[in-house]
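# A structural model of the following input is requested.
(one chain, ligands or ions: 2)
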Amino acid sequence: MNMLSINVNGKSVSADIQPRTHLADFLREKLNLTGTHLGCEHGVCGACTLLVDGVPTRSCITFAVACQQAEVTTIEGLDEDEITRELRAAFTREHGLQCGYCTPGMIVSARDVVLRMDAPTEHDIRIAMSGNLCRCTGYVGIVRAIQQVVRERRARGIAAIPNGNRTRLGPSGSGHAAAVAATAVAPAKLVDAPQVGNAQAAPVAAASLKDTNWKPQTSFTESFTVAHPVGLVWDFFANIGGVASCLPGASLAGEPVDGHVNGQIKIKVGPISAEFQGVADVTRDDATRSGTIVGAGKDKRSNSSTRGLIGYSVKQGEAPDQTKVDLTIGFTLTGALAQFSRSGLIQDVAGRIIAVFVQNLEAKLSHRAEGGTGDEPAIVKEFDAGALMRTMALDYVKRAFGWLFRRK
Ligand code: FES
Ligand code: FES
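Ligands and ions are numbered 1, 2, ... in the order given. A predicted model of the protein is given here:
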């Protein structure tokens, strides 16, 4: 982890981040500045364009740590900016947007054109804006909007600023780097280190996996309820092999010895399949009916590693024969599969894995409640995130249609 100190939209921000975190991910996920859009994530479409030290910059291919002490301005920080206000009005007048996905990046680049170019022709504007792609408008309205703003400003006697006041050479964001040691102050910490799981048990378990300083990069909470008494559920959770068998794709190499167990989990995302082999430490506290599972694993084929922590707490549900289970989940994914660790996506996928887990758990608990005799209940054993993604896409379309028809 690296300590990042930057200025975002006029406010000092500091946070502990992974060196590989891109500026766009940092702004969207840690600061909730979602006006910066992500399209291609390869520096091609321009949707993620924002200003670093006043220079339009692709935030999807800029490491946040490369912007140490830089001034970052996102579309949210341009709310009161005069040129941006004029561009917004002109884009509206000229139909310079349709779905609006490209618009934040378009506006940032257009602002740069208005600021720097004295009397650009249509051709000049098209060349200057060629790094911003729009799949909806056909660009005519965008170009017209920019031409209008340039024309009106020059008519009001506002001249272009050659180079947009840029005085520094080198990549954007690099301007302040040399001065960090001399000028570093201690700004308010905006992003707290995530706390995961049972406060007493988690550090104990983490210590046995050696690196006590590890903190999960992504964390979230989930809860579920099962229609069985709390005592039965808590007893079932004592059998880590039984719990693992409810998790699609997971299996153990044997029973835990001194709270330590080897196992594996297989995950399939469309054509990509990964098999993480690893170890886990398990702790459990009868007094608070809570516990933790701390694990680390590696998928050799993709050379990806993961480290994760699940904290759980088993409580009485609202009805007498109901049990509520609260989960806190934290993990870090590195290597080729790290692209799947974006928190919104992973949380949605995790929610669906948990739904399958609960379905399997219900089946096993019912079997146990009936005395555990007869055949083992049928459970879902495989997890295919590709199938889940398709369901998610379908859900999304259903939600969108629901929203559309509710409006009428
Ligand atoms: S998302 Fe950054 S250029 Fe496309
Ligand atoms: S308005 Fe839809 S991508 Fe540009």
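# Could you work out the end-to-end span of stretch 97-110 for me?
13 Å (Cα to Cα, to the nearest Å).
# tell me which helix or strand of the protein sits lowest on mean pLDDT?
Here the helix or strand of the chain ranked lowest by mean pLDDT, DSSP states H and E is helix 180-183, holding a mean of 32.
# Which parts of this protein are helices?
Per DSSP state H, the chain carries helices over the ranges 23-25, 82-93, 103-116, 122-128, 140-155, 180-183, 201-208, 230-237, 240-246, 343-369, 385-407.
# looking at these, which has the lowest confidence?
When the helices of the chain are ranked by mean pLDDT, helix 180-183 comes last with a mean of 32.
# Is Gly263 bridged to anything, and to what?
For Gly263, the beta-bridge partners under DSSP bridges are Leu252, Gly278.
# and it, how many neighbours does it have?
21 (other Cβ atoms under 10 Å). The way it works is simple: take the backbone N, C-alpha and C, and place the C-beta from them, glycine included.
# Then Leu97?
20.
# where does the residue found closest to Cys136 once you drop the neighbours it is linked to in the chain sit relative to Gly46, distance-wise?
Take Cys136 and drop its neighbours on the chain: the residue closest to it by Cβ to Cβ, 6 or more residues apart in numbering is Gln98, 3.5 Å away. In this structure, Gln98 and Gly46 are 16 Å apart, going by Cβ to Cβ, to the nearest Å.
# In terms of neighbours, single out the busier of these two.
Neighbour tally, Gln98 and Gly46, criterion other Cβ under 10 Å: the higher count belongs to Gly46, 24 against 14.
# For the more buried one, give me its contacts.
Gly39, Arg58, Cys102, Gly105, Met106, Ser109, Gly131, Asn132, Leu133 (Cβ atoms under 8 Å, 6 or more residues apart in numbering).
# Spatially, what comes nearest to the fourth one if we skip its sequence neighbours?
Distances taken as Cβ to Cβ, 6+ apart place Thr49 nearest to Gly105, at 3.7 Å, with adjacent residues excluded.
# from what I can see the one you found touches Val108, true?
Yes. Using Cβ atoms under 8 Å, Thr49 is in contact with Val108, at 4.6 Å.
# okay, and the common contacts of those two?
Common neighbours of Thr49 and Val108 (Cβ under 8 Å, 6+ apart) are Pro56.
# Show me the shaky parts of the stretch 151-300 of the chain.
In the predicted model, the stretch 151-300 of the chain carries pLDDT under 70 at residues 165-214, 217, 268-272.
# If we use 90, what do you get?
Flagging of the stretch 151-300 of the chain using pLDDT under 90 yields the residue ranges 161-224, 236-284, 291-300.
# Sketch out the strands for it, chain order is fine.
Counting by DSSP state E, counting those that start in this stretch, the stretch 151-300 of the chain has these strands, from start to end: 218-226, 250-252, 260-269, 272-285, 290-299.
# Of those, flag the one that's most buried.
strand 290-299 (a mean of 23; mean count of other Cβ atoms under 10 Å).
# by contact count, what packs against that one?
Counting contacts by 3 or more Cβ pairs under 8 Å, 6 or more residues apart in numbering; DSSP states H and E, strand 290-299 is packed against helix 201-208, strand 260-269, strand 272-285, strand 304-316.
# State the distance from Lys315 to Val226.
In terms of Cβ to Cβ, Lys315 sits 11 Å off from Val226.
# Mutual contacts of those two, please.
Thr323, Val325.
# Let me know whether Arg284 touches Gly291 as I believe.
Yes. The criterion here is Cβ under 8 Å, and Arg284 meets it with Gly291 at 3.9 Å.
# Quick check: neighbours shared by the two?
In contact with both Arg284 and Gly291: Phe237, using Cβ under 8 Å, 6+ apart.
# residue contacts, the closest residue to ligand 1 within the stretch 51-200 of the chain?
Closest approach between the stretch 51-200 of the chain and ligand 1, counting by Cβ to the nearest ligand atom: Cys60, at 3.1 Å. Neighbour list for Cys60: His22, Leu23, Ala24, Leu38, Cys40, Glu41, His42, Gly43, Cys48 [criterion: Cβ under 8 Å, 6+ apart].
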